[in-house]
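Participant: Structure of the sequence below:
(chains A and B)
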Amino acid sequence: MPIIEVTSEITGNVWKIVARPGERLEEEAPIVILESMKMEIPVTAPEAGVLLEVCVLEGSTCSEGAVVARMEV
Amino acid sequence: MTGADRPGRLSRLLVANRGEIACRVMRSARALGLSTVAVHSEADAGSMHVAIADHAVAIGPAAAAQSYLDMDRVLAAAQGSQADAVHPGYGFLAENAAFARAVEAAGLVWVGPSPQSIDDMGDKERARALARAAGVPVLPGSDRFAPGVPLDAVGAAAEAVGYPLLVKAAAGGGGIGMRRVDEPAALAAAVESTQALAQRAFGDGAVYLERYVARARHVEVQVFGFGDGRAVHLHERDCSVQRRFQKVVEESPAPGLAIDRRDAMCEAAAALARAQHYRGAGTVEFVVDADGGEFYFLEMNTRIQVEHPVTEMNTGLDLVSMQLRLAAGESPAPARQVDVRPQGHAIEVRLYAERPARGFLPATGTLARFDLPAPTDDLRVDCGVRAGDAITHWYDPMIAKVIAHGATREAAIDRLLEALSAIVVEGVETNLAFLRRVIGHPAFRAGAVHTGFIDEHRAALLAP
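Facilitator: Numbering: from 1, shown residues only, chains lettered A, B, ... in the order given. Model prediction:
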């Protein structure tokens, strides 16, 4: 089973982590919600699979292109 | 304006905001002879609103929670700078009743509605009940359902609301935690997943159901209340063209809306303001069925709105000046509905630092070049940044508003397109080209606006 990296398309603050490692996710299910420019922007699963790891902490800053999570798909 | 024209009780105004709205509020304050105090975060020390203010107070680090949203720091800045009034702008603390109470308790004048009005309209359920009591139609909706509620109870409520419907997080906002359900078979899964997401995102898993209007328009009515049970409406604005649940284009009058509906909507909004003894500027938002024309109350915003210049261009009024005069104890004109006489058509577009082709994600960077057209009687640009400024992820992505007026909608469109073609932005990606395509699109010219407009015309609007 291939492992993929889920990256952030924007720079923002990590507001909430809404999925847990081990959880089975549908495509486009939110993993982390970032706060950027007053908007809450979800980082979602690019395809269905199992969440292995969330690589950011709530409250931290996340740069554009940074790895937010790893999934097995 | 001379000191003799200055509103009696006020002499120094603190503006608890940043960017274009801080600049815009200060412009009216200065015209009334008031001195102005800016507050700013560390990231904003060199920004435009600080430069144009008479005094400036640093209130904390870049994060809004520790600066612009920190009530104690903003209040201390007002007291330390001998301000006698506070204008909140929009966003940040503008609809925070606790802040309004703290300002008043400190003996300062709050330029806004009463804390009670802010509380009443800030609670979605109470606002709906007050609207219903004032005779304003509301969208069919259900009670709240906490996680664990038997699903047959939710099913019965869904039948009463009617399909298609939205499952919405009670504590949510901005489109997070919202699912559309078209048929009973899909209800249970949508309710459970929305409850789970709401619990994790907001710490409150309660959801409610609301009728979904398939082809909806967003039309709002500007009201101004005098705090004593009198209120006028300043006509409507159509704000249907949206992306990510945020407005992109606003105009008045609303194109193609039957005059009797429009009048009924405006009168309903004024009635709600009167019933509350509303004080100052407010906006009553409606969802309008684009096909049938029925309108339903959505919410009331108890503050000056981003798109208020649309109304100002048509009516010739200065809403911020009216707010300040009312706060100073005067009774600003227009006192009667017959005195409000809008002329022509006005359209506003919001210039955002964002990437339309990538789902309208926000963009950051430094403005290497930022050229704007010169204002005229029929063209206004409200802006809070200039070349050299950094657009950071800390704050709102809107960098300017461009508002064009004309005798007709066609004339306003042509003037706006001309203005947009004169804008040059370098260093930060924006939606400028996208705005030109929206305003120039045949369906927009035809007035066929609804909240799905951008999706419907995606291919033409977002082509490379």
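Participant: can you pull the contacts of residue B:428?
Facilitator: Residue B:428 makes contact with B:353, B:363-367, B:391, B:399 under the criterion Cβ atoms under 8 Å, 6 or more residues apart in numbering or on different chains. Glycine gets a C-beta too; all of them are placed from N, C-alpha and C.
Participant: correction: residue B:387
Facilitator: By Cβ under 8 Å, 6+ apart, the neighbours of residue B:387 are B:367-370.
Participant: In terms of helices and strands, where is the nearest residue to residue A:19 once chain neighbours are set aside?
Facilitator: Counting by Cβ to Cβ, 6 or more residues apart in numbering or on different chains, the nearest residue to residue A:19 once its immediate chain neighbours are dropped is residue A:31, at 4.6 Å. Here residue A:31 sits within strand A:30-36, counting by DSSP states H and E.
Participant: Provide a list of residue ranges in the stretch 151-300 of chain B with pLDDT below threshold.
Facilitator: Applying pLDDT under 70 to the stretch 151-300 of chain B picks out residues B:173-176.
Participant: how about a cut-off of 90?
Facilitator: Low-confidence segments of the stretch 151-300 of chain B (pLDDT under 90): B:151, B:169-179, B:193, B:196-204, B:213-214, B:243-246, B:291-293.
Participant: All the strands of it, residue numbers only.
Facilitator: Taking DSSP state E, counting those that start in this stretch as the criterion, the stretch 151-300 of chain B contains strands spanning B:165-173, B:176-181, B:207-211, B:216-226, B:231-238, B:242-243, B:246-247, B:249-252, B:279-289, B:295-301.
Participant: Same question for chain A.
Facilitator: Using DSSP state E, the strands found in chain A span residues A:3-7, A:12-17, A:24-25, A:30-36, A:39-44, A:49-54, A:61-62, A:67-72.
Participant: can I get those strands in CSV with mean neighbour count?
Facilitator: Below are the strands of chain A laid out as CSV (neighbours: other Cβ atoms under 10 Å in any protein chain shown):
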stretch, mean neighbour count
strand A:3-7, 16
strand A:12-17, 20
strand A:24-25, 16
strand A:30-36, 22
strand A:39-44, 21
strand A:49-54, 18
strand A:61-62, 19
strand A:67-72, 18
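Participant: Same list (these) but as TSV, adding mean pLDDT.
Facilitator: Below are the strands of chain A laid out as TSV (pLDDT from 0 to 100):
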stretch	mean pLDDT
strand A:3-7	96
strand A:12-17	91
strand A:24-25	95
strand A:30-36	91
strand A:39-44	87
strand A:49-54	97
strand A:61-62	90
strand A:67-72	97
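Participant: Dump those strands into CSV; add distance to residue B:430 as well.
Facilitator: Output for the strands of chain A, formatted as CSV (distance: least, Cβ to Cβ, whole Å):
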stretch, distance to residue B:430
strand A:3-7, 23
strand A:12-17, 18
strand A:24-25, 33
strand A:30-36, 16
strand A:39-44, 16
strand A:49-54, 32
strand A:61-62, 23
strand A:67-72, 26
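Participant: closest to residue B:118 out of those strands?
Facilitator: Proximity to residue B:118 (Cβ to Cβ) singles out strand A:39-44 among the strands of chain A, at 22.3 Å.
Participant: How about that closest one and chain B, touching?
Facilitator: Yes: counting by Cβ under 8 Å from any Cβ of the partner chain, chain B has neighbours in strand A:39-44: A:39-42.
Participant: What helices and strands are in contact with that strand?
Facilitator: strand A:30-36, strand B:361-362 (3 or more Cβ pairs under 8 Å, 6 or more residues apart in numbering or on different chains; DSSP states H and E).
Participant: That concludes my questions; thank you for your assistance.
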